[in-house]
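A.B. asks: Sequence and predicted structure below; questions after.
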Amino acid sequence: MSFLLFAAAKWILAGAVVGAVATTALVTFWDKIREWLTHTAANAVEKAFGYKAREKMFKAIAKIDRAVDIVRNKTTIYTKKDELDTHFLKTDIVAECSAYEIESDVLEEIRKKGELIQEFKYTT
């Protein structure tokens, strides 16, 4: 009985790891995947199944794109109340605008570095 529980737990953990890796890959490479889907794959779908199938494919891509934007628009901020504090306060913030409304130079810096770090110093 305990062997079955151990095996089931191992498969659940493996599934969670595979899911996390797949999600990370999708979010990281989504721009390239979306570009390929909207051009190369969409042309093939249109040739094989017609224009209506291509339209349905674009709608599905748009839904996935909105979900990826939600994942990307999350920011984590670490702050201290005082410089002498030993612990940080963690705050998660969700952006109010989509990635298409952000200035291009900010997006370019995020693409180059993988993240945008801004440090603030509060003086009294």
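C.D. replies: All right, it came through fine.
A.B. asks: so how far is residue 117 from the closest residue in space to residue 81 that isn't next to it in sequence?
C.D. replies: Once flanking residues are discounted, residue 81 sits nearest to residue 89: 6.9 Å by C-beta to C-beta, 6 or more residues apart in numbering. For glycine as for every other residue, the C-beta is placed from the backbone atoms N, C-alpha and C. For residue 89, the distance to residue 117 equals 17 Å [C-beta to C-beta, to the nearest Å].
A.B. asks: Identify the residues contacting the residue nearest to residue 81.
C.D. replies: The contact partners of residue 89, taken as C-beta atoms under 8 Å, 6 or more residues apart in numbering, are 78-81.
A.B. asks: now do residue 105
C.D. replies: Counted by C-beta under 8 Å, 6+ apart, residue 105 has zero contacts.
A.B. asks: domains of this protein?
C.D. replies: Per automatic domain parsing, the domain ranges recorded for the chain read 1-72, 73-124.
A.B. asks: Turn those into JSON lines, including mean pLDDT.
C.D. replies: JSON lines is the format used below for those (pLDDT from 0 to 100):
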{"stretch": "domain 1-72", "mean pLDDT": "81"}
{"stretch": "domain 73-124", "mean pLDDT": "72"}
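A.B. asks: which of those sits most buried?
C.D. replies: Mean neighbour count (mean count of other C-beta atoms under 10 Å) peaks for domain 1-72 among these, with a mean of 12.
A.B. asks: Which strands and helices lie in contact with whichever helix or strand residue 34 is part of?
C.D. replies: Using DSSP states H and E, residue 34 falls within helix 2-36. Using 3 or more C-beta pairs under 8 Å, 6 or more residues apart in numbering; DSSP states H and E, the elements in contact with helix 2-36 are helix 51-72.
A.B. asks: Would you mind writing the CA trace of the helix it packs on as CSV?
C.D. replies: Taking Å, rounded to 0.1, in the frame of the first residue of the first chain, the C-alpha atoms of helix 51-72 are listed here in CSV:
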residue,chain,number,x,y,z
TYR,A,51,-10.0,30.5,-44.4
LYS,A,52,-12.5,29.9,-41.6
ALA,A,53,-10.1,27.4,-39.9
ARG,A,54,-7.4,30.1,-40.1
GLU,A,55,-9.7,32.6,-38.4
LYS,A,56,-10.5,30.1,-35.6
MET,A,57,-6.8,29.5,-35.2
PHE,A,58,-6.2,33.3,-34.9
LYS,A,59,-8.9,33.5,-32.2
ALA,A,60,-7.2,30.7,-30.3
ILE,A,61,-3.8,32.3,-30.5
ALA,A,62,-5.3,35.6,-29.3
LYS,A,63,-6.8,33.9,-26.2
ILE,A,64,-3.4,32.3,-25.4
ASP,A,65,-1.7,35.6,-25.9
ARG,A,66,-4.0,37.3,-23.4
ALA,A,67,-3.3,34.6,-20.8
VAL,A,68,0.5,35.0,-21.4
ASP,A,69,0.2,38.8,-20.9
ILE,A,70,-1.5,38.2,-17.6
VAL,A,71,1.4,36.0,-16.5
ARG,A,72,4.0,38.6,-17.7
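A.B. asks: Good, wrapping up.
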